[in-house]
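1. Dropping a prediction and its sequence here:
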Amino acid sequence: METPNNISTEEALGIIEDILKNGLITDVFNAERYHNMYKILCDNATPLNNADEATKSFFSTIQRISQDAGILALARVYDGLSGNKTRSIPYLLKMLKELALSLPSVEEDTQTLSLLVQYKLPRSCCDAASDRVCSKFPIAIANHYEPLCKESKNLKQYRNKIIAHNDIFEGKPALTWDKFHELIRQSKELIEIIGMAYFGSMYQGIITRDAERHSISTEVILRKLGIIEDVDLSATPS
């Protein structure tokens, strides 16, 4: 992905869309998909542990794979800036600043403003969305989300020291599933805001809607195997 100093609006939009479409959307989708699968297995840990050894071993393996795959996918989302250009949030924020003078005004300003209010972004971002100076909006958004890159430090440490390498070190990177979920949530916010601002509503809600299908399918399989029971609604008191 080349980023020359002077590029057209069309080229600038192409760079931003490439990061979203060919990078972040897939990685955030995978992170949420595997997280949902991991969670449904955790939520049903007791009946799974009471299942026969073959079933218990199979779903234990799926659970571990889902955990590691989810962490790897989200770590890709927050990969830091290095010699290589990556389709990650740090690189997206860098491009929003560098391409600010080439990017157009916000396409759907009313709907974009609605998203900014919904996600409780500061007034500076809301004001920039409708400002006649087009460069203010991408810079304001980049400034707001830059702290995310620091907050993902433990995620990348966990990926590097526990999954990618078998490092010997004292302690353990403090990665909680609440923090994992928060990093997913904010990455989806950013994708939806930039998508709405420059490409319309095509990116709104698509990640969560598709990612939920796999955990739902997993639950259906658990029910068909008799590991978790269906609720008999007809027996529920009115």
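-> Thanks, I have it.

2. alpha carbons only for contacts and neighbour counts from here, please
-> Will do.

3. For the helix or strand of the chain with the lowest mean pLDDT, which helices and strands make contact with it?
-> Across the helices and strands of the chain, mean confidence by mean pLDDT, DSSP states H and E is lowest for helix 153-158: a mean of 76. Other helices and strands packing on helix 153-158, by 3 or more C-alpha pairs under 8 Å, 6 or more residues apart in numbering; DSSP states H and E, are helix 53-77.

4. Now do the helix it packs on: which elements does it pack against?
-> By 3+ C-alpha pairs under 8 Å, 6+ apart, helix 53-77 packs against helix 25-43, helix 45-49, helix 153-158.

5. out of the ones you listed, deepest packed?
-> Most buried of those, by mean neighbour count (mean count of other C-alpha atoms under 10 Å): helix 25-43, with a mean of 21.

6. So for the helix or strand just after the least confident helix or strand of the chain, mean pLDDT?
-> On the C-terminal side of helix 153-158, the nearest following helix or strand under DSSP states H and E is helix 177-199. Summarised as a single mean, pLDDT over helix 177-199 is 90.

7. from the chain's centre, how far out does helix 177-199 sit?
-> In terms of C-alpha atoms, centre = their mean, to the nearest Å, the centre of helix 177-199 is found 6 Å from the chain centre.

8. So which bits of that helix are buried?
-> In terms of neighbour count (16 or more other C-alpha atoms under 10 Å), helix 177-199 has its buried residues at 180-181, 183-184, 187-199.

9. where's the very next helix or strand once past that helix relative to the chain centroid, distance-wise?
-> Using DSSP H and E, the next helix or strand after helix 177-199 towards the C-terminus is helix 206-224. Distance of helix 206-224 from the chain centroid (C-alpha atoms, centre = their mean) equals 17 Å.

10. Same question for stretch 14-22.
-> Distance, centroid of stretch 14-22 to centroid of chain: 15 Å (C-alpha atoms, centre = their mean).

11. next one: stretch 105-117
-> Per C-alpha atoms, centre = their mean, the centroid offset for stretch 105-117 relative to its chain is 21 Å.

12. for that stretch, which positions count as buried?
-> 105, 106, 107, 108, 109, 111, 112, 113, 115, 116.

13. show me the contacts for the closest residue to residue 124 other than its chain neighbours.
-> With C-alpha to C-alpha, 6 or more residues apart in numbering as the criterion, residue 124 has its nearest non-adjacent residue at 6.8 Å, and that residue is residue 140. Taking C-alpha atoms under 8 Å, 6 or more residues apart in numbering, we find residue 140 in contact with 124, 125, 128.

14. what does residue 130 give?
-> Contacts of residue 130 by C-alpha under 8 Å, 6+ apart are 106, 109.

15. what about it, distance to residue 141?
-> 13 Å (C-alpha to C-alpha, to the nearest Å).

16. just residue 103 next, same as before
-> Taking C-alpha to C-alpha, one finds residue 103 at 13 Å from residue 141.

17. What of residue 76?
-> 21 Å.

18. Equivalent analysis for residue 194, please.
-> Taken as C-alpha to C-alpha, the span from residue 194 to residue 141 is 9 Å.
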